[in-house]
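Chemist: One predicted model, sequence on top.
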Amino acid sequence: MSLAELSPAVLSDPRLAPLVAAAATRPTGSAALAVALAVRTDLWEPRIGFREESRWTALLEPGDVRPYLDPSLHAELADAQIWLLTWLPGQGTPLHDHGSSAGAFAVARGTLTERVIAAGGPGRPRETEHDLETGRVRFFGPHYVHQVTNRHAEPAVSVHVYAPRLTVMHTYRVDDDGLIRTGRERAGVDW
Ligand SMILES: [Fe+2]
């Protein structure tokens, strides 16, 4: 994405400065696509909704996003699946993976807290947790296990890119014996 393609309104909006800065670093692959879409508020602002009962999600079709993308940058992601998610304060996911999909997500508004589990050897897995403010992007490989929550006062919006398409997710809990799988969910139905 060229910054020259962004409207003056986007470039001059202080709330979007972190996203513009992230785009300027020219990330690659799924992260590039997530940032390119997150900074295009004209794409996602008219579409988003919020739900008190549960997180709100929408699948963006290729035709929805094509006008916002530079094909030379994103050709390898032609089959990627793109979700728009919103998070009211207190809303979050269970601990989950993305099956064999890799991808990236970008925080388009607000702040999300991500808990990441590094499972490996015996015993309790190592956990890390960090806040992701507007403009932050996380890339992940297959079988990455994390939990994402909005612990802040402001509603949050994020753009998620999965390649290949997300088909199944597993949920987990952590105990002293390790990472325990607790369920299997079909993509897009419940997360
Ligand atoms: Fe996830």
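Modeler: Received it, and whenever you're ready, just let me know what you need. Numbering: from 1, shown residues only.

Chemist: buried stuff in stretch 144-158?
Modeler: By neighbour count with 16 or more other C-beta atoms under 10 Å, stretch 144-158 contains the buried residues Tyr144, Val145, His146, Gln147, Val148, Thr149, Asn150, His152, Pro155, Ala156, Val157, Ser158. The way it works is simple: take the backbone N, C-alpha and C, and place the C-beta from them, glycine included.

Chemist: what's the closest of those to Glu52?
Modeler: Taking C-beta to C-beta as the measure, Glu52 sits nearest to Pro155 out of these, at 11.2 Å.

Chemist: which SSE is the most centrally placed residue in the chain in?
Modeler: Central residue of the chain (C-alpha atoms, centre = their mean): Phe105, 2.6 Å from the mean position. Using DSSP states H and E, Phe105 falls within strand 102-109.

Chemist: swap in Leu19?
Modeler: Here Leu19 sits within helix 17-24, counting by DSSP H and E.

Chemist: Residues contacting that helix, please?
Modeler: With C-beta atoms under 8 Å, 6 or more residues apart in numbering as the test, helix 17-24 has contacts from 1, 3, 6, 10-11, 35-36, 38-39, 106, 108, 133-137.

Chemist: What is the nearest of the residues you listed to Trp87?
Modeler: Ala108 (10.8 Å).

Chemist: quick one: contacts for the closest residue to that closest one other than its chain neighbours?
Modeler: For Ala108, ignoring the flanking residues on the chain, the nearest one in space by C-beta to C-beta, 6 or more residues apart in numbering is Ala38 at 3.8 Å. Ala38 makes contacts with Leu19, Ala22, Trp44, Ala106, Val107, Ala108, Gly135, Ser158, Val159, as judged by C-beta under 8 Å, 6+ apart.

Chemist: ok, the helix or strand that contains the last one: who's next to it in the sheet?
Modeler: Following DSSP H and E, one finds Val159 within strand 156-163. The sheet places strand 156-163 alongside strand 81-87 (antiparallel), strand 102-109 (antiparallel), with pairing taken from DSSP bridges.
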